[in-house]
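> After the sequence you'll find the predicted model.
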Amino acid sequence: MEKRRLLRVSEDYSREQLDDGRLVRVPDAWCPSFPGFYLCTASRAQIPLKLRALIDFPKEKRGAR
């Protein structure tokens, strides 16, 4: 029996798998689109290195395509 899992990921991150059929979208009512993630910090000058890495990772992945 084939196992199926429900998972929530960014569409940008899963675009290739959606295009080639490895992933399928559930009904749109279950997965509304949104323009992206937002992150608020107190000051850009004082961002800890680990937080900077978290912010930069999706930007780098998106640019690599």
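Received it, and whenever you're ready, just let me know what you need.

> for the chain, what's the longest helix?
Counting by DSSP state H, the longest helix found in the chain is helix 49-63.

> Other residues contacting it?
Contact with helix 49-63 is made by 10, 12, 13, 37, 39, 41, 47, as judged by Cβ atoms under 8 Å, 6 or more residues apart in numbering. Placement of C-beta: from N, CA and C, glycine included.

> Quick check: buried residues in it?
When burial is assessed from 16 or more other Cβ atoms under 10 Å, helix 49-63 yields no buried residues.

> what is the mean pLDDT for that helix?
When pLDDT is averaged along helix 49-63, the result is 82.

> any idea how far residue 42 is from the spatially most central residue of the chain?
Taking Cα atoms, centre = their mean, the centroid of the chain lies closest to residue 10, which sits 2.9 Å from it. Distance, residue 10 to residue 42, using Cβ to Cβ, to the nearest Å: 25 Å.
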